[in-house]
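Visitor: Got a predicted structure plus its sequence, pasted below:
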Protein chains: 2
Amino acid sequence: MNTHISDFTFHNPVKVVFGKQKIEQLGTHIPSDKKVLILYGGGSVKRFGTFDRVKDALKDRSIGEFGGIEANPTFETCMKAVEKIKAEDYNYLLAVGGGSVIDAAKFIAAAAEFNGDPIDIFGKGIGAGKPIESALPFGTILTLPATGSEMNSGSVISFKEKKSKVGFGSPKVYPQFSILEPELTYSLPKRQLANGVMDAFTHILEQYLTYPVGGMVQDEMAEGLLRILIKIGPDVTDERRLDYNLRANFMWTATMALNRLLSVGVPGDWSTHALGHELTALNGTDHARTLSALMPSVMTVRKLKKWDKLVQYAENVWGITEGTEEEKIDAAILKTIIFFKSIDMPVNLKEIGVTEADIDTLINQLEKHGNVSISERGDQTLDVSREIYLHALHTAY
Amino acid sequence: MNTHISDFTFHNPVKVVFGKQKIEQLGTHIPSDKKVLILYGGGSVKRFGTFDRVKDALKDRSIGEFGGIEANPTFETCMKAVEKIKAEDYNYLLAVGGGSVIDAAKFIAAAAEFNGDPIDIFGKGIGAGKPIESALPFGTILTLPATGSEMNSGSVISFKEKKSKVGFGSPKVYPQFSILEPELTYSLPKRQLANGVMDAFTHILEQYLTYPVGGMVQDEMAEGLLRILIKIGPDVTDERRLDYNLRANFMWTATMALNRLLSVGVPGDWSTHALGHELTALNGTDHARTLSALMPSVMTVRKLKKWDKLVQYAENVWGITEGTEEEKIDAAILKTIIFFKSIDMPVNLKEIGVTEADIDTLINQLEKHGNVSISERGDQTLDVSREIYLHALHTAY
């Protein structure tokens, strides 16, 4: 266990293009000799006109389209895109959507150039976990602030039959550019906005709520971004509030939450994500709703392990200055729950349809995916994960 | 004047390699077929063994060296390096030093490949201000946290005979990598440490202390970095405190202070730098000491223009919650002055040897360099700049 700031390499080559009417400049970001496959999801990008704007901007280019990427993008769907790429010789991808479409684009980009069976891009009980030597270049147009995928090199893919959700990452799958137009969020429904706030909030916590190593820049940034989401969360999730700055701050916060600036040199947790992925694989619950349903229980069950950082969280994020350390921690957990409820997120497993009978399945899947010693110290065993699931199931929050 | 977050492009491709014993990995960062010219300053990199470590790490490579780059690197010296590069066919540069050596490397990299007279890389009354089409690739090893030059694409070069100090910038002069070893700061004397804290502090203020446009991420980051410098400044400038985390936080804060994350989408000022450059050109005062000597007067003279941000600065950076807005501002200015004094920085122009007779010269030089309508609104005329110089000269701080 480190007691000082660890060595790190930070190298994030993504070009972020932020503001109004940026899709119209697409042509300047994609080399003119490329044949572009546009990837998208369920059709909202067509319904709200974004797709037409993309096609207009690329009207002199050779393009194709591949839709139907799921909210939790599946290996099976992605492999159909890979087939199309190989059959029609695309050499550039453009992801138009949220984190799901962007995560899919990363896997498709890597799979299209992979030497061998692309299943081996994944480890964790799925494939051989081989390194990615090259990937197709790609750009993104973000329609839903949430995952931060637009400015990082990670991706999570689902396997339908195996009921698995597994991540991979490689420096080869950084987007070349990401267009962030806050006004694209104006057509989002409340539930997706709340999911986005919650996902970003959890990303920050997973990089912050560990044990202190004295990373002052990382801590100040994490605390600042958490305060922003707490402040703007309720307004962001009011889908009628089409306020440019509000949405711009939301979008930039969600991107900054997971572009590696918060994680360099400090420990990370990611156990809430690991436990949450099994819930989504189990019954299809929205990713972000699994996180909010687990996080209060993670804080409570792991209180002693995360003590110092929970006190810091209470003081610096929630401004709690009165009481003993434990009183501060408990007050911060309560405020966290109230915040989640204020943006209509579930705060226990009953709310997302989990029953006692599911717990063994969840634990078995965690084991299958190699998540047997997780969290910042690697001491969250399956028994501890079971305790968290049970706490989240039986809590009266 | 914008009232909302402006459009921006953020693209910072610098690979930061942070931690212990990173110089030994140099060979992995520089392509093996490159002929490397090592640039350095006054010899302290040789005295403290850094140069030997660099040579050891590159012992199988074709290398050369060019030393003697000044604290305010001059065009004349840089052009000698360019001659050496052309005569001996170097195709990679390695800057080993602080911001001066890194700034020099940027100009040398651009000048070596410039089509025409390199003087035309500069505008502002010096040259034609032509764009840079290409530059030699280069990396840096940072020995003095201060300028942020290791993770940005800007540079300031001095012209001896013209008594001018002029900046230029181009995406072509981002370092390919920058090695940040906090332990390299252990040999720095107090004055250089204090200059570094002051330079970084001012960089943050110049991007923050303008008018509010609602950039919450930018404001939270700026305020967080300012709080860090205030907290660690006195300990950092105690040269006997060889504490790894302390120096690591200092180094990363100074880098983050000027890598464009604070400036995207929000107004910037940079008038304190403009006025300060003329002081250095006048009598050779350390760059950072010109900034501390001016900043309290900039805050005071421009109080009405910077009112809202000064209130925010008082509340969020200094924790001042009592009193009227003006009382908060005045208390924050006083605390700023006390902080500068606590790290032995001058807080007026008398302390750095300026007299009334110099003011006309300073104003003439500002005019010559095109700095006639500066600051965040472009309304800082030469008359206002004169008022600031005079205030800083006659203040009783």
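Guide: Thanks, I have the structure now.
Visitor: only C-alpha atoms for contact and neighbour calcs from this point on.
Guide: Noted.
Visitor: any idea how far the residue nearest to the spatial centre of chain A is from chain B?
Guide: The centre of chain A sits closest to residue A:147, judged by C-alpha atoms, centre = their mean, with a distance of 3.0 Å. Residue A:147 sits 17 Å away from chain B, going by C-alpha to the nearest C-alpha, to the nearest Å.
Visitor: Check residue A:109 too.
Guide: 21 Å.
Visitor: show me the residues around residue A:346 that make contact.
Guide: Residues near residue A:346 by C-alpha atoms under 8 Å, 6 or more residues apart in numbering or on different chains: A:289, A:292, A:293, A:340, A:352.
Visitor: go again using 7 Å as the cut-off
Guide: Neighbouring residues of residue A:346 by C-alpha atoms under 7 Å, 6 or more residues apart in numbering or on different chains: A:289, A:292, A:293.
Visitor: now swap in residue A:25 and tell me
Guide: Residue A:25 touches residue A:57, counting by C-alpha under 7 Å, 6+ apart.
Visitor: what's the burial count for the closest residue to residue A:351 other than its chain neighbours?
Guide: Distance criterion C-alpha to C-alpha, 6 or more residues apart in numbering or on different chains; nearest residue to residue A:351, sequence neighbours excluded, is residue A:293 at 7.8 Å. The number of residues packed near residue A:293 is 26, by other C-alpha atoms under 10 Å in any protein chain shown.
Visitor: name the element residue A:293 belongs to?
Guide: Secondary structure assignment for residue A:293, by DSSP states H and E: helix A:287-301.
Visitor: Show me the beta-bridge partners of the residue in the stretch 51-200 of chain A that chain B sits nearest to.
Guide: Residue nearest to chain B within the stretch 51-200 of chain A (C-alpha to the nearest C-alpha): residue A:177, separated by 8.8 Å. As for beta bridges, residue A:177 partners with residue A:15, residue A:139 under DSSP bridges.
Visitor: circling back: dump the helix holding residue A:293 to PDB, keeping only the CA atoms.
Guide: Presented in PDB, the C-alpha positions along helix A:287-301 are these (Å, rounded to 0.1, in the frame of the first residue of the first chain):
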ATOM      1  CA  HIS A 287     -25.700   1.000 -15.600                       C
ATOM      2  CA  ALA A 288     -26.000   4.200 -13.600                       C
ATOM      3  CA  ARG A 289     -28.900   2.900 -11.600                       C
ATOM      4  CA  THR A 290     -26.900  -0.100 -10.500                       C
ATOM      5  CA  LEU A 291     -24.200   2.400  -9.200                       C
ATOM      6  CA  SER A 292     -26.600   4.500  -7.200                       C
ATOM      7  CA  ALA A 293     -28.200   1.400  -5.700                       C
ATOM      8  CA  LEU A 294     -24.900   0.200  -4.500                       C
ATOM      9  CA  MET A 295     -22.800   3.200  -3.600                       C
ATOM     10  CA  PRO A 296     -24.400   4.000  -0.200                       C
ATOM     11  CA  SER A 297     -23.900   0.400   0.900                       C
ATOM     12  CA  VAL A 298     -20.300   0.400  -0.400                       C
ATOM     13  CA  MET A 299     -19.700   3.500   1.800                       C
ATOM     14  CA  THR A 300     -21.400   2.000   4.800                       C
ATOM     15  CA  VAL A 301     -19.900  -1.600   4.600                       C
END
